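Q: Need a 3D model of the following:
(chains A and B)
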Amino acid sequence: MRLPFEASFRALLRPSAAFASPPPTLPRAVLNMALVWVPLALVNTAGTVFRSLQGWASLRHGAIPPSVLDWFGVDPADLQAFLLSLPVPPPFGRIWPWLLLLVPLGVLGTWLHHAVWDHAGLWLVGGLKEKRGFRISLLAEAEALRITAVGTLLGLLAFLPVLGPVLALPLLLLDGYLWLFRGFALAARHGCEPWRGLAATVVHVVLLSGFALGLFALMLFMVRMAV
Amino acid sequence: MRRIPWVALGTLLVAFGAWASGFLQPFSDLLPGCAFKRLTGFACATCGLTRCVMALGRWDWGAAFHWHPVAAGVAVLLPAMAVGDLRRAWRGDPYPSLPDSRVARVSVWAILLAAWVLQWVRGI
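A: Sure, this is the predicted structure:
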């Protein structure tokens, strides 16, 4: 008997063999991705929105720790007055129908976003030498995102009352791995070395997140100088 | 797929985002700022980007170039790229491949690093 997502977990455990079979057509790959990811993303987003509305309501009642006020670097009295002036949050029942439209659009937008940036990243690290075009990146991303949708499934654990906060760090590490995992698909479908595919996803995140890795490298350098 | 002018549509989306950012002006003081700069005291390559986009939303090109010259330069080029993409889509031509040239790749790396150094030196 095959368990749900068994193939995805197996692919995540053995990424170098995950994309050895011939690729599907692009429409089929996108459809497969959407069929797996959209329902999970809908549940995850609905949970996130529900929690955010609860958080919004509590913010309006002034439930904000002083440390957060310090972090914003603004006058606590001003921020408190601003929060109290926030409108009443809309009920969840009025929002969820919009999710049925926005979540599939978000999934397709994420797929396109990853394809554009990873393709650019792959070019920057010299991984496009086989002259396979952007269409191959779209295909690779769709294949990879169908597999990494299990991250959205496991992300639902974060909503559990006690286990959620405990699992925050492991889930963050898993997200990091799932981000890099797309590199294996890119490398396999573009016919380049796996490190170039992985590097493309790293270049993507570096360009996207304000040189976070630069910070890491700088910290390593500072530690090295201090020792 | 090639009949859809994705670059032109993306340009429209960016323009809309820049225009909509004008509505965020009253709340811009609440933005937490760059975590990289907060931790290290040095600007990152994207420091000034939010202020650049907000300046573009006000159609203040001088301020936009001041806050992030590279992003403002890209904003200048986007309409030309969009027109080129519309022409390509009209003809049904494929998207041009990225150049298989080490010089081009190194040049882009150099521009990215230069942008970082520029923002760093100016203390943006």
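Q: CA atoms for contacts and neighbours, from now on please.
A: Will do.
Q: For A:Leu198, see how far away A:His204 is.
A: A:His204 is 10 Å from A:Leu198, where distance means CA to CA, to the nearest Å.
Q: Where is the longest helix in chain A?
A: The residue-count maximum for a helix in chain A (DSSP state H) belongs to helix A:26-60.
Q: what's the closest non-adjacent residue to B:Ser97?
A: Nearest non-adjacent residue to B:Ser97, counting by CA to CA, 6 or more residues apart in numbering or on different chains: A:Gly133, 6.5 Å away.
Q: Next, count neighbours for that neighbour.
A: A:Gly133 is flanked by 15 other residues according to other CA atoms under 10 Å in any protein chain shown.
Q: before we move on, what about B:Ala110?
A: 12.
Q: Just say helix, strand or coil for B:Gly17.
A: helix (DSSP: H, G, I helix; E, B strand; the rest coil).
Q: Please disregard the earlier target; I meant A:Phe19.
A: Going by three-state DSSP: A:Phe19 is coil.
Q: can you pull out the strands in chain B?
A: Shown for chain B, no strands are assigned by DSSP state E.
Q: Put the alpha carbons of the lengthiest helix in chain B into PDB.
A: Counting residues, the longest helix found in chain B (DSSP H) is helix B:69-91. Taking C-alpha atoms only, helix B:69-91 is exported to PDB below (Å, rounded to 0.1, in the frame of the first residue of the first chain):
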ATOM      1  CA  PRO B  69      20.600  54.500  -8.500                       C
ATOM      2  CA  VAL B  70      20.600  51.000  -9.800                       C
ATOM      3  CA  ALA B  71      16.900  50.400  -9.100                       C
ATOM      4  CA  ALA B  72      16.000  53.800 -10.500                       C
ATOM      5  CA  GLY B  73      18.100  53.000 -13.600                       C
ATOM      6  CA  VAL B  74      16.200  49.700 -14.000                       C
ATOM      7  CA  ALA B  75      12.900  51.600 -13.700                       C
ATOM      8  CA  VAL B  76      14.000  53.900 -16.500                       C
ATOM      9  CA  LEU B  77      14.800  50.900 -18.700                       C
ATOM     10  CA  LEU B  78      11.600  49.000 -17.900                       C
ATOM     11  CA  PRO B  79       9.300  50.800 -20.400                       C
ATOM     12  CA  ALA B  80      11.700  50.200 -23.200                       C
ATOM     13  CA  MET B  81      11.900  46.500 -22.200                       C
ATOM     14  CA  ALA B  82       8.100  46.400 -22.100                       C
ATOM     15  CA  VAL B  83       7.800  47.900 -25.600                       C
ATOM     16  CA  GLY B  84      10.300  45.400 -26.900                       C
ATOM     17  CA  ASP B  85       8.400  42.600 -25.300                       C
ATOM     18  CA  LEU B  86       5.100  43.700 -26.800                       C
ATOM     19  CA  ARG B  87       6.800  43.800 -30.200                       C
ATOM     20  CA  ARG B  88       8.200  40.300 -29.700                       C
ATOM     21  CA  ALA B  89       4.800  38.900 -28.500                       C
ATOM     22  CA  TRP B  90       3.000  40.600 -31.500                       C
ATOM     23  CA  ARG B  91       5.400  38.800 -33.900                       C
END
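Q: Check which residues of that helix are buried.
A: B:Pro69, B:Val70, B:Ala71, B:Ala72, B:Ala75, B:Leu78, B:Pro79, B:Ala82, B:Asp85, B:Leu86, B:Arg88, B:Ala89 (16 or more other CA atoms under 10 Å in any protein chain shown).
Q: Output the contacting helices and strands for it.
A: Helices and strands touching helix B:69-91, by 3 or more CA pairs under 8 Å, 6 or more residues apart in numbering or on different chains; DSSP states H and E, are helix B:6-21, helix B:49-57, helix B:61-67.
Q: what about the longest helix of chain A, average pLDDT?
A: For helix A:26-60, mean pLDDT rounds to 91.
Q: what does stretch B:68-83 give?
A: Mean pLDDT, stretch B:68-83: 90.
Q: A:His119 sits in which helix or strand?
A: Per DSSP states H and E, A:His119 falls inside helix A:92-124.
Q: before we move on, the earlier item: compare A:His204 and A:Leu198 (neighbour count), which wins?
A: Using other CA under 10 Å as the criterion, A:His204 and A:Leu198 rank with A:Leu198 on top: 24 against 20.
Q: where does chain B come near chain A, residue by residue?
A: Within chain B, the residues that sit near chain A (CA under 8 Å from any CA of the partner chain) are B:29-32, B:34, B:36, B:40, B:44-47, B:97-98, B:100, B:102, B:105-106, B:108-109.
Q: Of all residues in chain B, which one is nearest the centre?
A: Centroid-nearest residue in chain B, with CA atoms, centre = their mean: B:Ala71, separated by 3.5 Å.
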